[in-house]
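[1] Okay, predicted coordinates and the sequence, questions at the end:
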Number of protein chains: 2
Amino acid sequence: MSPNLMTPETPTINDIARVAEVSLATVDRVLNARPGVREKTVEKVNQAIAELGYVRDTAAANLARGRVYNFVFILPSNKNEFLHSLEAQTEQLAQSLRRERTRVSVVRVAGFDPVALTDELKKIDALNVDGVAIFGPETSSVRDSIAHLKANGVTVVSLVADIPSSDRDHYVGVDNIAAGRTAAQLLGRFLAPRQGKILVLTGSMLARDHLERRLGFDEIMARDFPQLEVLASLEGRDDPDLIERLLPRALSDHSDVIGIYSSAAGNEGLLRFFKSSGVRENPVVIAHELTPLSRRALSDGMIDAVISQDSGHLVRSAVRVMRAKVDNSPINTAQERIRIDVYIRENMPPDGEIQENQT
Amino acid sequence: MSPNLMTPETPTINDIARVAEVSLATVDRVLNARPGVREKTVEKVNQAIAELGYVRDTAAANLARGRVYNFVFILPSNKNEFLHSLEAQTEQLAQSLRRERTRVSVVRVAGFDPVALTDELKKIDALNVDGVAIFGPETSSVRDSIAHLKANGVTVVSLVADIPSSDRDHYVGVDNIAAGRTAAQLLGRFLAPRQGKILVLTGSMLARDHLERRLGFDEIMARDFPQLEVLASLEGRDDPDLIERLLPRALSDHSDVIGIYSSAAGNEGLLRFFKSSGVRENPVVIAHELTPLSRRALSDGMIDAVISQDSGHLVRSAVRVMRAKVDNSPINTAQERIRIDVYIRENMPPDGEIQENQT
DNA sequence: GTGAAAGCGCTAACAA
DNA sequence: TTGTTAGCGCTTTCAC
């Protein structure tokens, strides 16, 4: 059996042109829905396309177009492990995308700071930037800046925390309400028949992701675990020092805290407090984001489960989505859905946040 | 600010040729490590490459080469939802890969049947096939067939169930021992302080994935939950009818079964039994693979948690890995690591196994 | 309205 | 050992 029999030649625009009895240029015009072709000719071409089962080679098309994608990621400048990982993943991706005619750059902006974010958004040069991925708070000035970008033809996606009231093209991140629900269910079941109080450690109620998690958490707690009393949130602003100072008081106010939900980026402060305070009978702890720190705590049994989102997936997905939006091509929703990962000691992936490439 | 200032031109082989003062062909020879270039010239070229920070445009290279990848997936012909999803994902991917010069075809082979698999492996035409992804049992004849394929230059990856004793290039799937451990930990914690017996429903001890899960499960049960007694495995061969027949006897032998680990593709039989037997005090159930059936059972509370692997990720990863192996290019290990997904009612993704593409 | 021809970045004959 | 040239599939002037 000869190779060419096995591999039926893929039709190209040349084949279409031949079958439709028109020129390459005309086929191209039809393919790209450009004007200036007689209706009858369009039909002929479409006929040939259908007949031959033609699919366009996107790589060749991009090559000919000389198209280069230019994307900007705007991330909070806070220092925490999740953000660090997110940025590292972005840098790594930027590197490997160079060979795919795609430039990715990262801009950092003070966290929880709508003004700084708005300023940065205003600096975006719509002529040179095809898409922006934003991880930041949802305020009216941010919404306006997004609207402005969109009006100038820039694709905008929200990252990690959604900005649904804006007209961003897409949200790349987990369903944070569901994530909060998941934390509640896990905490409730792990606590089993016991009864007592639950402490919720959050970051900022300005952050939509934090807010949504709390919402989902409360919903399930109220519905399924009435024997557990959820205390008011401790707003730690993702600041380890602040958290370490706030915790002792919060815990001494209530003697029977048997569970803790660390719903934002406050793991470091929490774990420091555990260590410094001497580990009394540890409460059951559910935390967010798998990082070197939470991984270790999971191993040690200081944290019982971690709800997470894959930072590599987040950035890859953001780029794929922005490319698709720019090209006006379809999105594979299944592939772009960011999973709410649940990790316990047993299913943690092997460590090495950014794995080096191997052959 | 003009566009061309913002977008520094990416260097091409033309630039390299100019700077190194050689021809395009020579640059190409160096880039592809082809022989017949003086050492001194090689240096000059490499110098220029480093100087300009050149990265090769893979799409253009593949276009010029006229390269077309041809991959074959060999899947068990059993009828179960996971397999169905896996095949559907493969078909969908095959479709979308057409525009990327990659052909993917699927061959189905009787499950748990090394002879049938070996026969099919022998039929592979090494001249036309670049890579094979195999989901099947590990026997010596299978190993031999894989060795033969590899000797003929075909890339081989094992899928879902590893075949480590063979010299397959890569394994695409979860760590099944860790998956078993995860199931045990979850079951143990959900069962909380209670004590009683655990039933393990498996498929075939010929299947390496099933075996490994049992191993991991037993390990954690013995270590962390001595109050729970794990009974001998029920080998249901992933056959709903057989399972439905086996279960009543197994359960009547032991009055105090409080937990069930459905470790293979036996969910259908198990759930049918639950329904027909009238739901007495349901045991805690941990199952594998998120499918329409297990999803519903999770909603209903018939199943408490599902350990899963993403079928879309599996097939996409298999293709990426095979391509990388064929091209002898690096693999992003983080991206290709298949996660052990844990699903409870709260973090299930919205349904729709294969999402249609949307714009 | 339509077509001919040049060219995107790279590879692969074939010459020299 | 090196260079010239045609061409991969598609887009884009520019001419007819």
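    That came through fine. Numbers count the residues shown, from 1 in each chain, chains lettered A, B, ... in the order given.
[2] Could you pick out the residues of the stretch 201-350 of chain A near chain B for me?
    A:216, A:220, A:307, A:310, A:312, A:316, A:328-335, A:337, A:339-347, A:349 (CB under 8 Å from any CB of the partner chain). Every C-beta, even on glycine, is put in place using the N, C-alpha and C of the backbone.
[3] Do you know the pLDDT at residue A:104?
    For residue A:104, the model assigns a pLDDT of 96.
[4] what helix or strand does it sit in?
    strand A:102-109 (DSSP states H and E).
[5] What parts of chain A come near DNA strand C?
    A:21-26, A:29, A:36-38, A:40-41, A:60, A:63-64, A:66 (CB under 7 Å from any atom of the strand).
[6] any idea which of those residues has the most stuff around it?
    residue A:26 (22 neighbours; other CB atoms under 10 Å in any protein chain shown).
[7] So what touches the strand holding residue A:104?
    Identification of contacts with strand A:102-109 by CB atoms under 8 Å, 6 or more residues apart in numbering or on different chains yields A:68-77, A:87, A:90-91, A:93-94, A:97, A:116-117, A:120, A:136, A:319, A:323, B:7.
[8] Spit out the contact partners of residue A:347.
    B:178, B:179, B:181, B:182, B:307, B:339, B:340, B:342.
[9] Can you show me the strands along the stretch 1-150 of chain A?
    A:69-76, A:102-109, A:131-134 (DSSP state E, counting those that start in this stretch).
[10] before we move on, back to that, relative to residue B:81, which of the contacts of residue A:347 is nearest.
    residue B:307 (14.8 Å; CB to CB).
[11] Pretty sure that closest one sits against residue B:342.
    Yes - the criterion here is CB atoms under 8 Å, and residue B:307 meets it with residue B:342 at 6.2 Å.
[12] any common contacting residues for those two?
    With CB under 8 Å, 6+ apart as the test, residue B:307 and residue B:342 both reach A:347, B:182, B:186.
[13] Can you show me the helices along the stretch 1-150 of chain A?
    A:3-6, A:13-20, A:24-31, A:39-52, A:58-65, A:81-97, A:114-123, A:140-151 (DSSP state H, counting those that start in this stretch).
[14] tell me the mean pLDDT for the first one?
    The predicted model assigns helix A:3-6 a mean pLDDT of 34.
[15] next one: the second one
    Taken as a whole, helix A:13-20 carries a mean pLDDT of 96.
[16] From the residues of the stretch 201-350 of chain A next to chain B, keep the buried residues only.
    Buried subset of these (neighbour count, 16 or more other CB atoms under 10 Å in any protein chain shown): A:216, A:220, A:307, A:310, A:312, A:316, A:331-332, A:334-335, A:337, A:339-347, A:349.
[17] So which of those are in helices?
    A:216, A:220, A:312, A:316, A:334, A:335 (DSSP state H).
[18] Now the two most distant members of the residues you listed.
    Checking those with CB to CB, the most distant pair is A:220 and A:316, at 30.5 Å.
[19] picking up where we left off before, neighbouring strands - and their directions - for the strand holding residue A:104?
    strand A:69-76 (parallel) (DSSP bridges).
[20] which residues are contacting the strand it pairs with?
    By CB under 8 Å, 6+ apart, the list of residues contacting strand A:69-76 reads A:83, A:86-87, A:90, A:101-112, A:117, A:120-121, A:124, A:128-136, A:159, A:315, A:318-319, A:322-323, A:326, B:6-7.
[21] Whichever of those residues end up buried, select them in ChimeraX.
    Of these, the buried ones can be selected in ChimeraX as follows, counting by 16+ other CB under 10 Å:
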select /A:83,86,87,90,101,102,103,104,106,107,109,111,112,117,120,121,124,128,129,130,131,132,133,134,135,136,159,315,318,319,322,323,326
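[22] what mean pLDDT does stretch A:173-184 have?
    Mean predicted lDDT for stretch A:173-184 stands at 98.
[23] Find me the pLDDT at residue A:190, would you?
    Looking at residue A:190, the pLDDT reads 97.
[24] name the element it belongs to?
    Per DSSP H and E: helix A:176-191 holds residue A:190.
[25] residue contacts, the nearest residue in space to residue A:144 that is not next to it in sequence?
    Leaving aside its chain neighbours, residue A:144 sits nearest to residue A:118 (7.7 Å; criterion: CB to CB, 6 or more residues apart in numbering or on different chains). Listed by CB under 8 Å, 6+ apart, the contact set of residue A:118 reads A:139, A:141, A:142, A:144, A:145.
[26] now residue A:199: how far from residue B:184?
    29 Å (CB to CB, to the nearest Å).
[27] contacting residues around residue A:313?
    Going by CB under 8 Å, 6+ apart, the list of residues near residue A:313 reads A:338, A:339.
[28] Give me the pLDDT for it.
    pLDDT, read off for residue A:313, is 97.
[29] Distance of the residue of the stretch 101-250 of chain A found nearest DNA strand D relative to residue B:192?
    In the stretch 101-250 of chain A, the residue that lies nearest DNA strand D is residue A:101 (12.4 Å; CB to the nearest atom of the strand). Computed as CB to CB, the residue A:101 to residue B:192 distance reads 55 Å.
[30] of all the residues in chain A, which ones are close to DNA strand D?
    Residues of chain A lying near DNA strand D by CB under 7 Å from any atom of the strand: A:10, A:12-14, A:24-25, A:27-29, A:31-32, A:54, A:56-57, A:60-61, A:63-65.
[31] residue in the stretch 201-350 of chain A nearest to DNA strand D?
    For the stretch 201-350 of chain A, CB to the nearest atom of the strand, closest residue to DNA strand D: residue A:327, 10.3 Å.
[32] Could you check how many residues crowd around the closest residue to residue A:46 other than its chain neighbours?
    Using CB to CB, 6+ apart and skipping the chain neighbours, the partner closest in space to residue A:46 is residue A:30 (6.8 Å). The local packing of residue A:30 (other CB under 10 Å) involves 22 other residues.
[33] what's near enough to touch residue A:30?
    Residue A:30 neighbours (CB under 8 Å, 6+ apart): A:37, A:41, A:42, A:45, A:46, A:49.
[34] Can you list the low-confidence ranges for chain A?
    A:1-8, A:279-280, A:352-359 (pLDDT under 70).
[35] try 50 this time
    For chain A, the stretches with pLDDT under 50 are A:1-6, A:353-359.
[36] any idea how it splits into domains?
    A:3-56, A:68-173+A:311-338, A:176-308 (automatic domain parsing).
[37] Identify whichever of those lies nearest to residue B:229.
    Taking the domains of chain A one by one with CB to CB, domain A:176-308 is closest: 19.5 Å.
[38] Please identify the helix or strand for residue A:211.
    helix A:208-224.
[39] Tell me who's in contact with the residue lying closest to residue A:243 once chain neighbours are set aside.
    Closest residue to residue A:243 apart from its sequence neighbours, by CB to CB, 6+ apart: residue A:269 at 2.8 Å. The contact partners of residue A:269, taken as CB under 8 Å, 6+ apart, are A:236, A:239, A:240, A:241, A:242, A:243, A:244, A:247.
[40] Flag every buried residue along the strand or helix carrying residue A:269.
    Element membership of residue A:269 [criterion: DSSP H and E] is helix A:267-276. Of all the residues in helix A:267-276, those buried under the rule 16+ other CB under 10 Å are A:267, A:268, A:269, A:270, A:271, A:272, A:273, A:274.
[41] Can you pick out the ones from the buried ones among the residues of the stretch 201-350 of chain A next to chain B that are in strands?
    A:307, A:341, A:342, A:343 (DSSP state E).
[42] And for the spatially closest residue to residue A:203 that is not a sequence neighbour, the neighbour number?
    Spatially, and ignoring its direct neighbours in sequence, residue A:203 is nearest to residue A:264 (3.2 Å; CB to CB, 6+ apart). Neighbour count of residue A:264, defined by other CB under 10 Å: 27.
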